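**Q** Model the following, please.
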Amino acid sequence: MQRTARLRTNGDTDATFLHYVVAGASYAKYIKGVTTGSLVPHISKEQIQSYPFLLPPPTIQRQVAAVLSALDAKIDLNNRMNAELEALAKTIYDYWFVQFDFPDARGRPYKSSGGAMAWNDSLKREIPAGWGVGLVGDLLLKQPNAKKVPTAFVKEIGRIPVVDQGADFICGYTDDVDARIDIDTPHIVFGDHTRIVKLVCFSYARGADGTQVLIPNTTRVAPFCFFQAICKIDLSNYGYARHFKFLKDSLIVTPDHHVAIRYDEIVKQFFASIENGRRQNVELIQLRDWLLPLLMNGQVRVA
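**A** Numbers count the residues shown, from 1 in each chain. You can find the predicted model right below:
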């Protein structure tokens, strides 16, 4: 594979310790300083290998690697737990609002137990009797009236997390109180270009580039239920475009109020745990990145 390099250690260097050496900010700064080429950055094998760093005895290397690996292991565990909770919330949604087997008054699966169904011309399928269909755009409140945070002004540390349309749930932070959006119900942040959908359950600031905030204007599409409905809308056929206009023209089922609220009550705890895992990971990553140079330079020793 082009533009890749494999680093292998000798008998005196622990491989995991070396991994953290090259993963550190100091090594990244060094690489950035020695690269050449204006259009395509280039670096030689010799430059990759010429980075000087403190190499403690193998026993200390393994101790340092163990501390940092423990933090990464906890981060990975939180990510896996969050993924499982997200998948469980989606599975319940599919049973209730796609297959229509939500619990009926007797606790039985509604459709499988003969619950009344009615044909819907807009969806070209049957839905539970009494349920409706609506355009996403007709179910939205107005966008929050708060300042957006341009990418250039997003900081690594701050009081208010910034949510944009990127892959990372939080792209950074700001201290601009005029950008703060306080919420009393979960908000959905939709990426106009990326089509990424995020459920935000905390006060935040909105990234300036291509983010749309979706807040339902009716309890028939309760927030967590609405989030799952938005996630299931396929906008992949529009290529590189402003997808929000297509999202607003999409049809979704508007379920019975009590069924939507019951779903939200169940999965609310899932998303609370997911948010707790994300917060832990932010703190763990900050701790790991703070410890990394101190351990590598010998300023902090492992007891």
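**Q** Q212 - that's part of a strand, no?
**A** Yes. Q212: assigned to a strand according to DSSP: H, G, I helix; E, B strand; the rest coil.
**Q** residue ranges of the strands in this structure, please?
**A** 117-120, 125-128, 132-135, 160-163, 172-174, 180-181, 187-191, 197-200, 204-206, 211-214, 251-254 (DSSP state E).
**Q** For the second one, output the C-alpha coordinates as CSV.
**A** What it means is strand 125-128. Written as CSV, here are the backbone C-alpha positions of strand 125-128 (Å, rounded to 0.1, in the frame of the first residue of the first chain):
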residue,chain,number,x,y,z
ARG,A,125,-49.1,0.2,3.0
GLU,A,126,-51.2,-0.5,6.0
ILE,A,127,-50.6,1.2,9.3
PRO,A,128,-52.4,0.8,12.7
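**Q** Strand partners (parallel or antiparallel) of that strand?
**A** strand 117-120 (antiparallel) (DSSP bridges).
**Q** same deal with the last one?
**A** Taking DSSP bridges as the criterion, strand 251-254 pairs within the sheet with strand 132-135 (antiparallel).
**Q** Which residues lie in contact with G172 in this structure?
**A** G172 makes contacts with V154, K155, E156, G158, P161, V162, as judged by Cβ atoms under 8 Å, 6 or more residues apart in numbering. Using the backbone N, CA and C atoms, a C-beta is placed for each residue, glycine as well.
**Q** excluding its backbone neighbours, what's nearest it?
**A** Leaving out its chain neighbours, the residue that sits closest to G172 by Cβ to Cβ, 6 or more residues apart in numbering is V154, at 3.7 Å.
**Q** cool, Y20 as well?
**A** In space, and not counting its chain neighbours, Y20 is closest to L68: 5.2 Å by Cβ to Cβ, 6+ apart.
**Q** Return the distance of that neighbour relative to T9.
**A** As for L68, its distance to T9 is 16 Å (criterion: Cβ to Cβ, to the nearest Å).
**Q** Look at those two and report which has more neighbours.
**A** Between L68 and T9, counted using other Cβ atoms under 10 Å, L68 has the larger neighbour count: 22 against 13.
**Q** I figured the more buried one was touching L292, is that so?
**A** Yes. In this structure, L68 is within contact of L292 by Cβ atoms under 8 Å, at 6.6 Å.
**Q** Of the contacts of G172, which one scores lowest on pLDDT?
**A** Lowest pLDDT among these: E156, with 88.
**Q** Please determine how far that residue is located from G172.
**A** Applying Cβ to Cβ to E156 and G172 gives a distance of 6 Å.
**Q** now G191
**A** 16 Å.
**Q** same thing with S236?
**A** Taken as Cβ to Cβ, the span from S236 to G172 is 28 Å.
**Q** ditto for Y110
**A** Y110 is 44 Å from G172, by Cβ to Cβ.
**Q** With Y93 instead?
**A** In this view, Y93 and G172 are 31 Å apart by Cβ to Cβ.
**Q** Could I get the pLDDT score of R3?
**A** Predicted confidence (pLDDT) for R3: 65.
**Q** same check, this time on A179
**A** So A179 comes in at 96 (pLDDT).
**Q** That one touches R206, doesn't it?
**A** Yes. Here A179 reaches R206: they are 7.1 Å apart, a contact under Cβ under 8 Å.
**Q** can you count the residues close to N237?
**A** For N237, using other Cβ under 10 Å, the count is 7.
**Q** And for R279?
**A** Applying other Cβ under 10 Å, we find 14 residues neighbouring R279.
**Q** do D12 as well
**A** 9.
**Q** so what's it up against?
**A** Here D12 is in contact with L55, P58 (Cβ under 8 Å, 6+ apart).
**Q** Please tell me how far it sits from L295.
**A** Taking Cβ to Cβ, one finds D12 at 18 Å from L295.
**Q** what's the answer for F224, then?
**A** For F224 relative to L295 (Cβ to Cβ), the value is 41 Å.
**Q** same check, this time on G158
**A** 26 Å.
**Q** just V213 next, same as before
**A** From V213 to L295 the distance is 41 Å (Cβ to Cβ).
**Q** Can you pick out the residue with more neighbours from the two?
**A** Taking neighbours as other Cβ under 10 Å, V213 and L295 compare with L295 leading, 25 against 20.
**Q** OK, contacts around that one?
**A** So L295 contacts V64, V67, L68, V302 (Cβ under 8 Å, 6+ apart).
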